[in-house]
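Novice: Structural data only, the sequence is not supplied:
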C-alpha cells in the first residue's frame with residue numbers, strides 16, 4: 001500500500017469514527033426519550049438539531065470519501081459543542097438559574113442519570129460533540145497539507 005493510500009484510508013477512518021460517534025449519540029438520544037421516557041429540555045433539543053444531521057452528512061461523505069464533508073460537518077459539530085458546553089455550565093450551577101432558557105417544561109438541570117458522579121446526559125453530549133470537533137479539526141489540518 002502506498003503512502004497516499006494509507007493517508008486516504010486514515011482520513012476515511014476519521015470520518016467513519018465521527019459518524020460512529022454521531023450515530024451512537026443519536027441512538028442514545030432516541031433510547032433515552034423513547035424507551036426510558038426522559039423528556040428532553042430546550043437545550044437538549046438544540047443539541048439534537050445539530051447531532052442528528054451529522055449522522056447523514058458524515059455517512060454521505062464516506063461513500064465515496066469526500067474530503068469536503070469537513071466543511072459541512074465541522075460547523076454543525078461546533079455549534080452543538082457550544083450548546084453542550086453551555087448546558088453543562090447550567091447543569092453544574094456555574095451559570096445562575098436566572099439566565100436559564102428552560103423556563104417552561106423540563107428543567108435543563110434535571111438529573112436523569114449520574115454515572116460515577118460526573119457522567120450525565122449533558123456530559124455525554126459534550127464529550128461526543130467535542131470528540132467529533134477534535135477529529136474533524138485533525139482531518140481538516142491533514143487535508144490542508
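Specialist: Done, it's in. In this text the structure is predicted, and so the values were computed from the model without any measurement.

Novice: now the most centrally placed residue in the chain: how far from residue 48?
Specialist: The structure's the chain has its C-alpha centroid closest to residue 129; by Cα atoms, centre = their mean the separation is 2.9 Å. Residue 129 is 11 Å from residue 48, where distance means Cβ to Cβ, to the nearest Å. Quick note: C-beta positions are derived from backbone N, CA and C, even for glycine.

Novice: circling back to that earlier point, and the residue nearest to the centre of the chain, what does it touch?
Specialist: 47, 50-51, 77, 80-81, 84 (Cβ atoms under 8 Å, 6 or more residues apart in numbering).

Novice: how about 6 Å then?
Specialist: 77, 80-81, 84 (Cβ atoms under 6 Å, 6 or more residues apart in numbering).

Novice: Also residue 47?
Specialist: 80, 83-84, 125.

Novice: I'd like to know which of those residues are part of strands.
Specialist: Within these, no residue falls in strands by DSSP state E.

Novice: which one's the longest helix in the chain?
Specialist: helix 3-30 (DSSP state H).

Novice: So residue 38 belongs to a helix, correct?
Specialist: No: the assignment for residue 38 by DSSP: H, G, I helix; E, B strand; the rest coil gives coil, which leaves it out of any helix.

Novice: For it, what are phi and psi?
Specialist: For residue 38, the backbone dihedrals (degrees, to the nearest 10) come out as phi -80, psi 120.

Novice: Show the pLDDT at the residue lying closest to residue 65 once chain neighbours are set aside.
Specialist: Closest residue to residue 65 apart from its sequence neighbours, by Cβ to Cβ, 6 or more residues apart in numbering: residue 12 at 4.9 Å. In this model, residue 12 is scored at 92, pLDDT.

Novice: From what I see, residue 12 and residue 64 are in contact.
Specialist: No: assessed by Cβ atoms under 6 Å, residue 12 is found out of contact with residue 64, at 9.5 Å.
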